[in-house]
Each structure stands twice: as structure tokens, then as C-alpha cells.
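Visitor: kindly generate the corresponding structure for this input.
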Amino acid sequence: MPMPMPTTLRFRRALTAVVLSTALLAGATACGGGGSGQTQGAQSQGQGEELSTAAVADLAALAAAEPAAAEADELAAAAPTPTTSAEKQKFAKTRFVANAGLAAGATYQWIIKPYREGKFKKGAKGRTFALIKAGLAGAFAYNRLKAAAENAKGDPLLSKAVAPLTAGIESLKGLGTKLRKGDAGDADVSSLQDVITGVKEAGKSAGAEVTDKVPSVSQLGG
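Guide: Residues are numbered from 1 along each chain as shown. The predicted model follows:
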């Protein structure tokens, strides 16, 4: 029988998503609204930054992603502790794959892909919200990679494979802020991609193959 979601976790997830989404949408209104005293050029720029339905869905998913992932970790920790060595290793690999997959999926969807498409460049249409999403995804990826590295400690082979990557993971700590501010450069994005690739290869070598898992509203709403 599925374990019921603790009320405090439900509340925390809902509160985080509502507060962050409200703040982002307020920013969208500010960007999109053109007052009578503005020039036509400024109005056009503002209208170019209006949120589409897809952008709203992305922002909502990202707002809820980290609380939902942290909640999954807490629920897993509260579950009955595996007793045998084989069970403990299987549990560690399962959590590693889940967290690393979320980090990889968010990284590709909201950082690597828009970066390659030039959406972070000054003057690009929708740049403001592309950077907001990239910033949220960067912070999310860092937290999930940290969790995955911790999960890996439960399996000797996986722990050995992931250990050399811990410094690289830690170097990503401030990447979310740099992305949000538009300060991240080629080297930053490349470093993130290298870490994700390294984590995937480490998992594969230890029998814990990682596949990208993009957080979505439907996945996070349960």
C-alpha cells in the first residue's frame, strides 16, 4: 500500500510553487505591460517578453521541482530500511538513478538546449524568461547531483565511480545564480555538461544507468 504523503511535505511543496510562480508571473506582468509614458520600442521589447502558456508550464514545473525531489528523498528515507547488503545497494542505485536523471533532464531542457539555440544571448527574444528558467534549473541540478552523490555511497562500486566527480559537482554551487543573471559563459555551461556526462558514465559503469528525466507539471502534481 503506498505511503501517504505527509501533510507538512504537501504544504511545503505547494507553498514553494505558489510563492515562486507568483513572483515570476508578477515579473512577467512588469515586463509585458507597456505604460503610456514608454516609447514604442520599449513597449515592443516588453511584449516580446510576455509569457506563453508553455513558458508558464515550465516555470511552474521548475518552481515545484526541487521541493518534490527533496520530498521523494525524505519519503524514501522514511521507508523501511533495507536489511541485506544486496537490498541496500539496490536502494542506493535506485535513488542515484532517480536524482541523477532529474538533474540531467533539467540541465538539457532548460540550460543546454536553449543555450545552443542562442536564447541566452543579449537581444534574443524571450531571453529574460529563458535565463530565469536556466537559473532555477541550475540550482535544481546542483541539488539533485549532490543528492545523487550521497546516494552513491550506499553501493561500493557506484561510490568508487562517483567519488572523482564530487569536486566538479561542488563547483556548480553558484551556477544557478550566474545563469539567472546572464553571467554564465561557455566554460560554465561546458563544465555543467561535463559533470552530467561524468555522472552518467559513472552510473553506467556501476550498473546504474541514468536516463534524462525532465520534471513536468504532471509528474510533480501527485
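Visitor: got a pLDDT number for the nearest residue to Gly198 once chain neighbours are set aside?
Guide: Excluding the flanking residues, the one nearest Gly198 by CB to CB, 6 or more residues apart in numbering is Leu165, at 4.9 Å. From N, CA and C alone the C-beta is placed, and that goes for glycine too. For Leu165, the pLDDT comes out at 97.
Visitor: and the gap between Leu165 and Ala148?
Guide: Between Leu165 and Ala148 the computed distance is 10 Å (CB to CB, to the nearest Å).
Visitor: same question for Asp183.
Guide: For Asp183 relative to Ala148 (CB to CB), the value is 26 Å.
Visitor: of the two, who's got more company?
Guide: Counted by other CB atoms under 10 Å, Asp183 and Ala148 do not tie: Ala148 has more neighbours, with 28 against 12.
Visitor: next up, the contacts around the more buried one.
Guide: Arg95, Phe96, Asn99, Ala100, Ala103, Val162, Val199 (CB atoms under 8 Å, 6 or more residues apart in numbering).
Visitor: now, the residues you listed that are in helices?
Guide: Arg95, Phe96, Asn99, Ala100, Ala103, Val162, Val199 (DSSP state H).
Visitor: the fifth one touches Ala139, doesn't it?
Guide: Yep, that's Ala103 we're talking about. No - in this structure, Ala103 is not within contact of Ala139 by CB atoms under 8 Å, at 10.9 Å.
Visitor: higher neighbour count, these two?
Guide: Neighbours were counted for Ala103 and for Ala139 using other CB under 10 Å; Ala103 has more, 31 against 22.
Visitor: residue contacts, that one?
Guide: Ala103 touches Phe140, Ala141, Tyr142, Arg144, Leu145, Ala148, Ile196, Val199, counting by CB under 8 Å, 6+ apart.
Visitor: cutoff 6 Å now
Guide: Contacts for Ala103 were tallied using CB atoms under 6 Å, 6 or more residues apart in numbering; they are Ala141, Arg144, Leu145.
Visitor: Thr166: which element?
Guide: According to DSSP states H and E, Thr166 maps onto helix 166-170.
Visitor: check which helices and strands that helix sits against.
Guide: With contacts taken as 3 or more CB pairs under 6 Å, 6 or more residues apart in numbering; DSSP states H and E, helix 166-170 sits against helix 127-152.
Visitor: so where's the chain uncertain?
Guide: In the predicted model of the chain, residues 1-57, 59-61, 63-64, 68, 70-83, 216-222 satisfy pLDDT under 70.
Visitor: what about Arg116, neighbour count?
Guide: Neighbours around Arg116, by other CB under 10 Å: 11.
Visitor: and the host helix or strand of Glu201, what's buried?
Guide: Secondary structure from DSSP H and E places Glu201 in helix 186-205. Counting neighbours by 16 or more other CB atoms under 10 Å, one finds that the buried residues in helix 186-205 are Asp188, Val189, Leu192, Gln193, Val195, Ile196, Gly198, Val199, Lys200, Ala202, Gly203.
Visitor: so Phe96 is in contact with Ala208, correct?
Guide: Yes - the pair Phe96 / Ala208 is scored as a contact, 5.4 Å apart, by CB atoms under 6 Å.
Visitor: enumerate every residue touching the closest residue to Lys146 other than its chain neighbours.
Guide: Leaving aside its sequence neighbours, Lys146 sits nearest to Ile169 (CB to CB, 6+ apart; 6.2 Å). The neighbours of Ile169, taking CB under 6 Å, 6+ apart as the test, are Leu145, Ala149, Val195.
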